[in-house]
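Chemist: structure for the following, please:
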Amino acid sequence: SACDPATGEGYKCMPCTNCGGGEYELNDCTATTDRTCKAVGPGYYSPHGENKRHPCPKGRSASAEASAQCMDCPTGSFQASEGQQICRLCKPGFYQPSRGSTDCLPCEPRTWS
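Modeler: Residues are numbered from 1 along each chain as shown. Purely as a prediction, here's the structure:
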């Protein structure tokens, strides 16, 4: 369709571009400019087309500059804070058998790690 921001004539209007996965909206789409996007950065994620930046939840992390999703912390590790780029390993004497955990468990009596 033809449109002009002021008169409605003379230009072909284009749909606003959505940000890709791992990107968020830096500048909004207006009647005269398309949306600009930026990489979310480590510890954050943004699904394709959502255009918003979210911190990784506790128990998850994202190390890449542009992540569309966060990854669960693997077994033997945890993350107690939001917006982190790495998971932390359990200290000696502690363990974590589950993925996506926010803490480690103490070893039972007569066991070690």
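
Chemist: what are the boundaries of the strands in this protein?
Modeler: For the chain, the strands defined by DSSP state E occupy 23-27, 36-39, 44-45, 54-55, 60-61, 71-72, 77-78, 88-89, 94-95, 105-106.

Chemist: so which of those comes closest to residue 17?
Modeler: strand 36-39 (7.9 Å; CB to CB). Heads up, the C-betas are built off the backbone N, CA and C, glycines and all.

Chemist: can you dump the C-alpha coordinates of the closest one into PDB?
Modeler: Once non-C-alpha atoms are left out, strand 36-39 reads as follows in PDB (Å, rounded to 0.1, in the frame of the first residue of the first chain):
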ATOM      1  CA  THR A  36      17.100  -1.300  15.500                       C
ATOM      2  CA  CYS A  37      18.200  -4.300  17.500                       C
ATOM      3  CA  LYS A  38      21.200  -5.100  19.700                       C
ATOM      4  CA  ALA A  39      22.700  -8.400  21.000                       C
END
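
Chemist: and the contacts of it?
Modeler: 17, 19, 20, 22, 23, 24, 25, 26, 27, 51, 65, 66 (CB atoms under 8 Å, 6 or more residues apart in numbering).

Chemist: which residues sit in contact with the first one?
Modeler: Residues near residue 17 by CB under 8 Å, 6+ apart: 29, 34, 35, 37.

Chemist: out of the strands of the chain, which comes closest to residue 113?
Modeler: Nearest to residue 113, of all these, is strand 94-95, at 4.8 Å by CB to CB.

Chemist: what does stretch 43-54 rub up against?
Modeler: 18-25, 35, 37, 40-41, 55-56, 61-62, 67-70, 83-85.

Chemist: where in this protein is pLDDT low?
Modeler: Residues of the chain meeting the criterion pLDDT under 70: 1-12.

Chemist: centre-most residue in it?
Modeler: In the chain, the residue lying closest to the centroid (CA atoms, centre = their mean) is residue 45, at 1.0 Å.

Chemist: partner residues bridging it?
Modeler: residue 54 (DSSP bridges).

Chemist: from here on, call the first residue 10.
Modeler: Sure thing, new numbering starts at 10, so read that last one as residue 54.
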